[in-house]
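# Sequence plus the predicted model coming up.
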Amino acid sequence: MIKIQNTLSGQKEEFAPRKEGRVNMFVCGPTVYDYIHIGNARTFVFFDVVAKYLRYRGYDVNYIQNITDIDNKIIERAQKAGVDPLEYAKKYSDIFREDMKALDVTSPEYKNATDHIPEVIKQVQTLLNKGNAYVIENDGIYFDLSTFPDYGKLSGRTAGMADDAVSRIDDSDKKRNRGDFALWKHPNSTPPPNGSGNPNVPIRINGEPMWWNKDLGWGRPGWHIEDTTITEKYFGPQYDIHGGGQDLIFPHHEAEVTQQCAAANIKPKDFVKYWMHVAFVVNSVKSSDYHGAGKKQKMSKSLGNFETANELIKKHPKEALRFYLLSAHYRSPLDFSEKALKQAEAGVSRISEFKHKLELAKGGKEKETKNIEKARKEFSKAMDDDFNTPQALSSVFDLIRNLNIYITRDFLDKSSIESLKVFFAEIDSVLGIVPTKQEKIPDEVLKLVETREKLREEKNWPEADKIRAQIEDLGYTIEDTVYGPLVVKK
Ligand SMILES: [Zn+2]
């Protein structure tokens, strides 16, 4: 039984999708005005693993992620660069998709906000007709929070809280309530031309892409409306899992609950069944920058301490990056450091080395099923428990530790070797951490590593050191990690 920590209830709940065997899942994608940072990559790799695990468990998963390709930030950056906003967004959207491919994030289907303008218009019209939205002339159409008493159920906030965060797009001194958010933004200068009548074709008003509708007038979507528009189109007003970074709980996800529940006359618990939120990637701040050495700070573009996924992909193999991003539970902060990335590389090398031995093994007499079955069970148990990926990784390393000596000495029979290969293919279909390309480490070196391991187990340090020197002479170095010895070319 899979259990999920649900942000809406604050409880770990048993997972039962609305339709048996079928899961509709939506995750907030990037706003494409820049390269994505490592924190975004964590969210997207994690939900890729969630979708792949649910498929591994036999669910038919329909996983959609939106791409916000129309937004204030995009328009500002594009104008500074002297480029059309939609072209600017396309550039970073393409880079994002390439980055995802490079990270083996293959499960979601991407949907652009700008491909869903007629649907956005329809949802805004519904909210206007129902009296949940109002127009501010020459500004936009806003959601009236006083019409929705359930506001705040997801984030535990209320509409009137003094520190209500509203983004710039929602800023207007003519709003009825301070937390009211924009559904549709009108051009705020130069009188707009007469409508063209085609909601699919935007024109540029003061450089901003604007779409036409006879009821709404010229405008572009607010930040929150695209999500519920896209999910309603593909899933209907009710679905199973909504995910995102934890910074999106408020105001973004709260606004989604508000819009969809008001539009469809449903209660917050009847909209999305399970809300899942991923914690930040953090790094330690230097004591000179922050009062209190060792404090952890979120990595973000605005703080200028972010690492782009694109840069990291160039420096590290994708399996190591995924391993690193999955090495902490998704609800815990993940420390960013070169050391953590190196540890991840060591873990992946350990798997690669073991797999390499499986390929080389000719087959002996011992039959092995117990350890493999145990590892498979432990892997599922960990993943069932709110997708505990570090625990799932441990089950893989326990298996390697228990069987390494057997496989190194070629004791295991052919069927056991096949079962091991199947197990590694299975976990790779979910986690994507098993390298396909073998690091070519000569058998001679691998044998010496095993001998050294044995000597170390016997605490015969002087002999172990001699073997290390021999390995060094052959052009390799050996590093002892929590995942076992890591051999790398010098
Ligand atoms: Zn979103």
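Arrived safely, thanks for sending.
# CA only for contacts and neighbour counts going forward, please
OK.
# quick one: low-confidence parts of the stretch 101-250 of the chain?
With pLDDT under 70 as the threshold, the stretch 101-250 of the chain has low-confidence stretches at 159-169, 189-192, 195-197.
# try 50
Scanning the stretch 101-250 of the chain for pLDDT under 50 picks out 162-163, 165.
# residue boundaries of the helices in it?
When secondary structure is read from DSSP state H, counting those that start in this stretch, the stretch 101-250 of the chain shows helices at 117-129, 225-235.
# now those in CSV, with distance to P333 and mean neighbour count?
Compiled in CSV, these are given as follows (distance: least, Cα to Cα, whole Å; neighbours: other Cα atoms under 10 Å):
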stretch, distance to P333, mean neighbour count
helix 117-129, 35, 20
helix 225-235, 26, 21
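# Of the ones you listed, which is nearest F354?
Shortest separation from F354 across the helices of the stretch 101-250 of the chain is recorded for helix 225-235, at 42.6 Å, computed as Cα to Cα.
# Could you give the separation of the closest one from the chain centroid?
The chain centre lies 19 Å from the centre of helix 225-235; the measure is Cα atoms, centre = their mean, to the nearest Å.
# For the helix or strand harbouring L312, name the packing helices and strands.
Following DSSP states H and E, one finds L312 within helix 309-315. Contact partners of helix 309-315 among helices and strands, from 3 or more Cα pairs under 8 Å, 6 or more residues apart in numbering; DSSP states H and E: helix 85-102.
# domains of this protein?
15-278, 316-431, 443-489 (automatic domain parsing).
# okay, the ones you listed in TSV with distance to I2 next?
Below are these laid out as TSV (distance: least, Cα to Cα, whole Å):
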stretch	distance to I2
domain 15-278	5
domain 316-431	4
domain 443-489	27
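# what's the spacing between stretch 5-21 and its chain's center?
Taking mean C-alpha positions (Cα atoms, centre = their mean), stretch 5-21 and its chain are 19 Å apart.
# ends of that stretch, how far apart?
By Cα to Cα, to the nearest Å, the extent of stretch 5-21 from end to end equals 20 Å.
# any idea of the mean pLDDT for that stretch?
Per-residue pLDDT values over stretch 5-21 give a mean of 97.
# again, but for stretch 371-384
Taken as a whole, stretch 371-384 has a mean pLDDT of 98.
# before we move on, what about stretch 77-97?
Averaging pLDDT along stretch 77-97 yields 97.
# Tell me the buried residues in the longest helix seen in the chain?
For the chain, the longest helix by residue count, based on DSSP state H, is helix 338-360. Along helix 338-360, the positions that meet the burial threshold by neighbour count (16 or more other Cα atoms under 10 Å) are 341-358.
# again, but for stretch 444-455
445-446, 448-453, 455.
# May I have the helix or strand containing V45 as PDB, with CA atoms only?
Following DSSP H and E, the helix or strand that holds V45 is helix 38-56. Written as PDB, here are the backbone C-alpha positions of helix 38-56 (Å, rounded to 0.1, in the frame of the first residue of the first chain):
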ATOM      1  CA  ILE A  38      19.100  22.900  -9.200                       C
ATOM      2  CA  GLY A  39      16.100  23.300  -6.900                       C
ATOM      3  CA  ASN A  40      13.700  23.100  -9.900                       C
ATOM      4  CA  ALA A  41      15.600  20.100 -11.200                       C
ATOM      5  CA  ARG A  42      15.100  18.400  -7.900                       C
ATOM      6  CA  THR A  43      11.300  18.800  -8.100                       C
ATOM      7  CA  PHE A  44      11.200  17.600 -11.700                       C
ATOM      8  CA  VAL A  45      13.500  14.600 -11.200                       C
ATOM      9  CA  PHE A  46      11.600  13.600  -8.100                       C
ATOM     10  CA  PHE A  47       8.200  13.700  -9.800                       C
ATOM     11  CA  ASP A  48       9.600  11.800 -12.800                       C
ATOM     12  CA  VAL A  49      10.500   9.100 -10.200                       C
ATOM     13  CA  VAL A  50       7.000   9.200  -8.700                       C
ATOM     14  CA  ALA A  51       5.400   8.700 -12.100                       C
ATOM     15  CA  LYS A  52       7.800   5.900 -13.000                       C
ATOM     16  CA  TYR A  53       7.300   4.200  -9.700                       C
ATOM     17  CA  LEU A  54       3.500   4.300 -10.000                       C
ATOM     18  CA  ARG A  55       3.900   2.800 -13.500                       C
ATOM     19  CA  TYR A  56       6.200   0.100 -12.000                       C
END
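# buried residues in the helix or strand following that helix?
Per DSSP H and E, the first helix or strand lying C-terminal to helix 38-56 is strand 60-67. The neighbour-count criterion (16+ other Cα under 10 Å) identifies 61-67 as the buried residues of strand 60-67.
# For the next helix or strand after strand 60-67, what is the distance to the chain centroid?
Sequence order places helix 72-81 as the next helix or strand after strand 60-67, per DSSP H and E. Remark: helix 72-81 is offset 25 Å from the chain centroid, using Cα atoms, centre = their mean.
# so L145 touches T158, yeah?
No - counting by Cα atoms under 8 Å, no contact exists between L145 and T158, whose distance comes to 9.8 Å.
# Looking at the two, which one has more neighbours?
Using other Cα atoms under 10 Å as the criterion, L145 and T158 rank with L145 on top: 23 against 15.
# Now for the more buried one: which residues touch it?
132, 151, 159, 177, 179-180 (Cα atoms under 8 Å, 6 or more residues apart in numbering).
# does M25 really touch Y239, like I thought?
Yes - M25 sits in contact with Y239 when judged by Cα under 8 Å, with a separation of 7.2 Å.
# Find residues that contact each of these two.
Shared contacts of M25 and Y239, counting by Cα under 8 Å, 6+ apart, come down to nothing at all.
# quick revisit: mind giving me the packing neighbours of the helix holding V45?
Applying 3+ Cα pairs under 8 Å, 6+ apart, one finds that helix 38-56 makes contact with strand 60-67, strand 239-245, strand 281-284, helix 318-325, helix 414-431.
# Tell me which stretches of the stretch 101-250 of the chain form strands.
109-112, 133-136, 140-143, 182-185, 203-205, 208-210, 220-221, 239-245 (DSSP state E, counting those that start in this stretch).
# Now render the ones you listed as CSV, adding distance to R401.
Supplementary listing: those in CSV, determined by distance: least, Cα to Cα, whole Å:
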stretch, distance to R401
strand 109-112, 38
strand 133-136, 61
strand 140-143, 58
strand 182-185, 56
strand 203-205, 62
strand 208-210, 58
strand 220-221, 54
strand 239-245, 35
